[in-house]
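Trainee: What shape does this take:
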Amino acid sequence: MTGLPRSPLPILAALLLLAIACRPPGALEAAAQAAQAPVPQSPPPDDVIGRVRGTLTPEQRVGQLLMVGLRSGADDAEAAQTHAAITSAHAGNVVLYGSGWDSSALVAATTRALQQRARDANAGVGLFISGNQEGGQQGAFQAFYGEGFSPMPSAIAQAQGDPARLQEQARVWGVELRDAGVNLNLAPVLDVVPPGTAATNAPIGYWGREYGFTPEDVMAYGVAFARGMRAAPVAVSVKHFPGLGRVRGNTDFTAEGIVDDQFSGADDPYLQPYRAAIQDGVELVMVSLAVYPRVDSRQAVFSPVIMRDILRQQLGFRNVVISDDVGAAVAVADRPPAQRALDFFRAGGDLLLTVRASDAAPMTQALLREMAADAAFRADLDASLERVLRLKAALGLLPAAP
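Mentor: Alright, predicted model coming up:
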């Protein structure tokens, strides 16, 4: 999720230069050494996953692969759509978005209610509850702010000093999320913005969301941020694979200029931060809505070349592949919600994010029909379900054995 605000505020170039100038010698080497000791995770026994999977109906299984939105300040009718997506379409995951999540008490009350609703609807399985907690503008790139949440500087400002310091800061920020009931952070951004192009890079550079202007910088500070969050523990989704740093348009608002015609595939140097994060064990990778024509004419979120060949096979990612938001994004408005779901899962995705809760019902019905008609498709979704349930087990979101 790009999380971009509707009213732009410029990023001061002087702050960007200051952030880079303040980095001490040896900072990148320190981060590289830290990344050699991944956060340990004990995989759940297969019988636990099998037991839970066996309690789920087909509708509940498909629902575990969908993430729907709940906007801050939603009126009763809008909130009812999210509640219906959970109770009727069995959506198993929620993203909190909007600019009004302004206290830990508000967020905690919301997450408790959502978790109870989901456990009642989905055989005791809890939700991934997520948001964009990157840092920077409150309500946009810091989704959760106010009492109970520390102010977080933008990524470019975080990327100064010792990466180990950022790792500890991120751990504290992660504990704040965890205490409010948010168990998945849709961050950090690992996109590399080429030097001198930030002002014209609408989704990332313009807002200072990058951790630097070289793969080495982004790897050092981005991995440190991810490690800190995971130590809280809060799961992270690195984004926006394979990168939005070289595009001009923002996929939330336009279908124009969302092309990276330099991306060359698994050997592209701008994938270095993603390689490092994957080796470090990150739980999710978010795939972008941009197009990378040197490897595929399709948008990354609908591309088996990007997801199956490059991310899975060549980079060796074995955990959950999540989409960027396909609900409100202009970049995918040319196809109906059901088609977005079919195309994403056919291409190799695991978890589909749509902030429009009303999308859940048509998406679910389309997926159920395709599963009944295509055994290979059904097997792919079963594999996605297993990956999702394994991560939920690690986060304590599966019901205890009877």
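Trainee: Can you show me the strands along the stretch 51-200 of the chain?
Mentor: For the stretch 51-200 of the chain, the strands defined by DSSP state E, counting those that start in this stretch occupy 66-71, 93-97, 128-131, 184-185.
Trainee: The second one pairs with which strands, and in what direction?
Mentor: Looking back up the chat, that one is strand 93-97. Next to strand 93-97 in the sheet, as set by DSSP bridges, lie strand 66-71 (parallel), strand 128-131 (parallel).
Trainee: Out of the strands of the stretch 51-200 of the chain, which is the most enclosed?
Mentor: Each of these was assessed for mean neighbour count using mean count of other CB atoms under 10 Å. The highest is strand 184-185, with a mean of 28. All C-beta atoms are positioned from the backbone trio N, CA, C, and that covers glycine.
Trainee: now it: how far from the chain's centre is it?
Mentor: On the basis of CA atoms, centre = their mean, to the nearest Å, strand 184-185 is displaced by 7 Å from the centre of the chain it belongs to.
Trainee: can you count the residues close to D359?
Mentor: 26 (other CB atoms under 10 Å).
Trainee: and it, how far is that from G50?
Mentor: From D359 across to G50, the span is 30 Å (CB to CB, to the nearest Å).
Trainee: What of A118?
Mentor: According to CB to CB, A118 stands 21 Å off from G50.
Trainee: More neighbours: those two, which one.
Mentor: Using other CB under 10 Å as the criterion, A118 and G50 rank with A118 on top: 25 against 11.
Trainee: Grab the nearest non-local neighbour of that one.
Mentor: Sequence neighbours aside, L127 is the residue nearest to A118 in space, at 4.6 Å (criterion: CB to CB, 6 or more residues apart in numbering).
Trainee: how close does the one you found sit to R308?
Mentor: For L127, the distance to R308 - CB to CB - is 27 Å.
Trainee: The residue lying closest to V234 once chain neighbours are set aside: neighbour count?
Mentor: Spatial nearest neighbour of V234, excluding adjacent residues (CB to CB, 6+ apart): G174 at 4.2 Å. A count of nearby residues for G174, using other CB under 10 Å, gives 26.
Trainee: G174 against R227, yeah?
Mentor: No: taking contacts as CB atoms under 8 Å, G174 lies outside contact range of R227: 10.0 Å.
Trainee: Now the strands of the stretch 51-200 of the chain in a markdown table, please, with extra columns for mean pLDDT.
Mentor: As requested, the strands of the stretch 51-200 of the chain are exported to a markdown table (pLDDT from 0 to 100):
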| stretch | mean pLDDT |
| --- | --- |
| strand 66-71 | 98 |
| strand 93-97 | 98 |
| strand 128-131 | 98 |
| strand 184-185 | 98 |
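Trainee: Ok, which of the ones you listed comes nearest A333?
Mentor: Among the strands of the stretch 51-200 of the chain, strand 66-71 comes nearest to A333, with 16.3 Å by CB to CB.
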